[in-house]
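> no sequence for this one, just the structure:
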């Protein structure tokens, strides 16, 4: 983990409320593993203090990029920043995905909305190609489909309103596929919590290994403030573990979904 | 130039420490911050047993501040000694072990355990956490209980005792005096302010615990006034804290009467803050021709 002041190379609209930010971060970029994140301090936001965590989307030499959605004050200000302006980054942070092995299970990726951002490096660095299921409410929520295809992956899109790909939830498309063929596959998912819960249930039903990247509110991002805790099974009971440190990627079977309710 | 100050019999190389609960157990920040530069490091609050903490959401960002209701999640005394102490004890910077309990006896027992451990800098008695059903602020807002907790810990250990007071009292002076009279070597002023936030879309409180403790730059002027009042009431040193994010903030606390300061919430968004405060303090003293940081302590001039 390194803290670095970085310069924005570009910050452009992708679709609708989604933006792509590219920064020069030569001390951080080479260290990034799939599924890790950067904790970004958006310096012009004075009254909102905390850094914002973003999955690291792509890495190229000394640059890295982030694919983000405007969801609040921090990302609103970020979206108005221009090339040449500076941000403070701490990264790479967190425990990411296990990169598939050539002889191991066939990877199946499942993404909801900007969850795609957390999966790109995994797809790129996996020696085995597989299928990516990507879902969103409407067409604008389906991101970087072509970039996954360019890596040699099959992409199956679903939208809830049917404006792109198959109509329905991404987990419905996944269910259909797993009914067709499940053994020998492994799921990797990132998206909203209800989607991850559904993926977790499918993994259990078909007896498949699954790694899930949880999207939690964070404070410090390095394991101190204990904001981002999630219930994880421990012996016969459970304990809170930190999404920023032990996660954001957890083994699906280890998550005690309803423990803290 | 002298930056060193004394807290009880303990000498800090400079007056800038990090506040309990905002720096974990030191190891988490050690890749980003040179811990040996700090004046002291206060670890997150510990009681005898491990603590699971409150349900989520546990924190919410508000204008220039943060409300938290973590519930003192922690590994307990044994877990801390096993997992964190071997790392922490290697640093030359004094460690303040922040302790709490649900009874006077538990406070004293935890104090005894750390007394026996050896190598601890000081014990900070947390009598002011606003987020616990039992323990915490109930001890810090009752003069009789406060005196009993401090006196019991005083009997249990020879380590310097720092009592971390609650801001949630009508006047802080009697509490500061009570802690001093019961044998506290210093005071930490202060813990977080009880606060809440509501999500107007869902009509739900923003925190699962409904209320929490407010920290960050928005509380600084209130904390400063409490330090000033307490400093007039006692002769033991005060560690001032509440929203410090720059050397200027820290210097205000020193001038109000604090002997040392603690950087808290700012660690979460800028891990270098404490080191920046030390550098800025040095620079200020150089510019003003101040040779000893102790010349700043309580130097605010309120007369005409």
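Nice, I can see it. The model shown is predicted, which means the values in this text are computed figures rather than measured ones. Numbering: from 1, shown residues only, chains lettered A, B, ... in the order given.
> what's the longest helix in chain B?
helix B:273-288 (DSSP state H).
> swap in chain A?
helix A:193-205.
> what is it packed up against?
Counting contacts by 3 or more C-beta pairs under 8 Å, 6 or more residues apart in numbering or on different chains; DSSP states H and E, helix A:193-205 packs against strand A:106-112, helix A:170-180, strand A:185-190, strand A:210-213. The C-beta positions use only the backbone N, C-alpha and C, and glycine is treated the same way.
> in CSV, list these along with distance to residue B:7, mean pLDDT and mean neighbour count.
Shown next, in CSV, are the helices and strands packed on helix A:193-205 (distance: least, C-beta to C-beta, whole Å; pLDDT from 0 to 100; neighbours: other C-beta atoms under 10 Å in any protein chain shown):
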stretch, distance to residue B:7, mean pLDDT, mean neighbour count
strand A:106-112, 52, 97, 25
helix A:170-180, 57, 96, 18
strand A:185-190, 47, 98, 25
strand A:210-213, 44, 98, 25
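> which one of these lies closest to chain B?
Set against chain B and scored by C-beta to the nearest C-beta, those come closest in strand A:210-213, at 16.6 Å.
> and the helix or strand just after the closest one, what does it pack onto?
Next helix or strand after strand A:210-213 toward the C-terminus (DSSP states H and E): strand A:229-234. In terms of contacts (3+ C-beta pairs under 8 Å, 6+ apart), strand A:229-234 is packed against strand A:237-242.
> can you list the strands that the helix or strand that the strand it packs on is followed by pairs with?
Next helix or strand after strand A:237-242 toward the C-terminus (DSSP H and E): strand A:249-251. Its sheet considered, strand A:249-251 pairs with strand A:210-213 (antiparallel) by DSSP bridges.
> my read is that residue B:112 contacts residue B:154, right?
No: contact criterion C-beta atoms under 8 Å: residue B:112 and residue B:154 do not qualify, at 11.8 Å.
> between those two, which one's more packed in?
A count of neighbours by other C-beta atoms under 10 Å in any protein chain shown puts residue B:154 above the other of residue B:112 and residue B:154, at 18 against 14.
> what about that one, which helix or strand?
Under the assignment here (DSSP H and E), residue B:154 is part of helix B:143-156.
> return the distance of the helix or strand following that helix from the chain's centre.
As assigned by DSSP H and E, the chain's next helix or strand after helix B:143-156 is strand B:161-164. Relative to its parent chain, strand B:161-164 has a centroid offset of 9 Å by C-alpha atoms, centre = their mean, to the nearest Å.
> the strands in the stretch 51-200 of chain A, which residues?
A:52-55, A:58-60, A:63-69, A:86-93, A:106-112, A:131-136, A:154-159, A:166-167, A:185-190 (DSSP state E, counting those that start in this stretch).
> can you check what angle separates the last one from helix A:170-180?
Interaxial angle, strand A:185-190 versus helix A:170-180 (axes from the mean of the first three to the mean of the last three C-alpha atoms, to 10 degrees): 170 degrees.
> what lines up beside strand A:185-190 in the sheet?
strand A:106-112 (parallel), strand A:210-213 (parallel).
> same question for the third one.
Taking DSSP bridges as the criterion, strand A:63-69 forms sheet pairs with strand A:18-24 (antiparallel), strand A:58-60 (antiparallel).
> now the shortest one
When pairs are called by DSSP bridges, strand A:166-167 turns out to pair with strand A:154-159 (parallel).
> repeat for the first one
Strand pairing for strand A:52-55, determined by DSSP bridges: strand A:37-41 (antiparallel).
> residues in contact with the strand it pairs with?
A:25, A:28, A:51-56, A:64, A:66, A:78, A:87-94, A:118, A:218, A:220-222, A:244, A:248, B:269-270 (C-beta atoms under 8 Å, 6 or more residues apart in numbering or on different chains).
> least trustworthy helix or strand in chain B by mean pLDDT?
helix B:137-140 (a mean of 79; mean pLDDT, DSSP states H and E).
> list the buried residues in it.
B:137, B:138, B:139, B:140 (16 or more other C-beta atoms under 10 Å in any protein chain shown).
> what of stretch B:9-22?
Applying 16+ other C-beta under 10 Å to stretch B:9-22 flags B:10, B:12, B:13, B:14, B:15, B:16, B:17, B:18, B:19, B:20, B:21, B:22 as buried.
> inside strands: which ones of these?
B:10, B:12, B:16, B:17, B:18 (DSSP state E).
> redo these as TSV? Include pLDDT and distance to chain A.
Below are these laid out as TSV (pLDDT from 0 to 100; distance: C-beta to the nearest C-beta, whole Å):
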residue	pLDDT	distance to chain A
B:10	96	24
B:12	98	22
B:16	98	18
B:17	98	15
B:18	98	10
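> still on that earlier bit, quick one, which of the strands of the stretch 51-200 of chain A is nearest to residue B:285?
Distance to residue B:285, taken as C-beta to C-beta, is lowest for strand A:86-93 among the strands of the stretch 51-200 of chain A, at 27.4 Å.
> helices or strands up against the closest one?
strand A:2-13, strand A:37-41.
> quick check: buried residues in that strand?
Neighbour-count burial for strand A:86-93 [16+ other C-beta under 10 Å]: A:87, A:88, A:89, A:90, A:91, A:92, A:93.
> show me the domain layout of chain A.
What automatic domain parsing lists as the domains of chain A is A:2-93, A:106-215.
> residue in the stretch 101-250 of chain B nearest to chain A?
For the stretch 101-250 of chain B, C-beta to the nearest C-beta, closest residue to chain A: residue B:216, 5.9 Å.
> kindly report the residues of the stretch 51-200 of chain B close to chain A.
B:52-53, B:55-59, B:61, B:63-66, B:68, B:70, B:73 (C-beta under 8 Å from any C-beta of the partner chain).
> coming back round to it: ok, which of the domains of chain A comes nearest residue B:120?
Nearest to residue B:120, of those and by C-beta to C-beta, is domain A:2-93 at 29.3 Å.
> how far away from the center of its chain is that closest one?
With C-alpha atoms, centre = their mean, you get 14 Å for domain A:2-93.
> quick one: which two of the buried residues of stretch B:9-22 are the most distant?
Maximum distance among the buried residues of stretch B:9-22 (C-beta to C-beta): 22.8 Å, for B:13 and B:21.
> burial of residue 104, as a residue count?
You didn't say which chain, so I picked chain A. 15.
> sorry, I should have been clearer: chain B.
Neighbours around residue B:104, by other C-beta under 10 Å: 16.
> contact partners for the closest residue to residue A:197 other than its chain neighbours?
Once flanking residues are discounted, residue A:197 sits nearest to residue A:257: 6.0 Å by C-beta to C-beta, 6 or more residues apart in numbering or on different chains. Residue A:257 makes contact with A:197, A:200, A:231, according to C-beta under 8 Å, 6+ apart.
> just the pLDDT at the closest residue to the second one other than its chain neighbours, thanks.
Beyond its immediate neighbours in the sequence, the residue positioned closest to residue A:200 (C-beta to C-beta, 6+ apart) is residue A:252, lying 4.5 Å away. For residue A:252, the model assigns a pLDDT of 97.
> quick revisit: can you put the domains of chain A in CSV and add distance to residue B:102?
Putting those into CSV (distance: least, C-beta to C-beta, whole Å) gives the following:
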stretch, distance to residue B:102
domain A:2-93, 31
domain A:106-215, 32
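> check the gap between residue A:20 and residue A:8 for me.
11 Å (C-beta to C-beta, to the nearest Å).
> ok, back up a step: turn the buried residues of strand A:86-93 into JSON lines, columns for distance to residue A:154 and pLDDT.
Shown next, in JSON lines, are the buried residues of strand A:86-93 (distance: C-beta to C-beta, whole Å; pLDDT from 0 to 100):
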{"residue": "A:87", "distance to residue A:154": "35", "pLDDT": "96"}
{"residue": "A:88", "distance to residue A:154": "39", "pLDDT": "96"}
{"residue": "A:89", "distance to residue A:154": "33", "pLDDT": "97"}
{"residue": "A:90", "distance to residue A:154": "35", "pLDDT": "98"}
{"residue": "A:91", "distance to residue A:154": "30", "pLDDT": "97"}
{"residue": "A:92", "distance to residue A:154": "28", "pLDDT": "98"}
{"residue": "A:93", "distance to residue A:154": "31", "pLDDT": "98"}
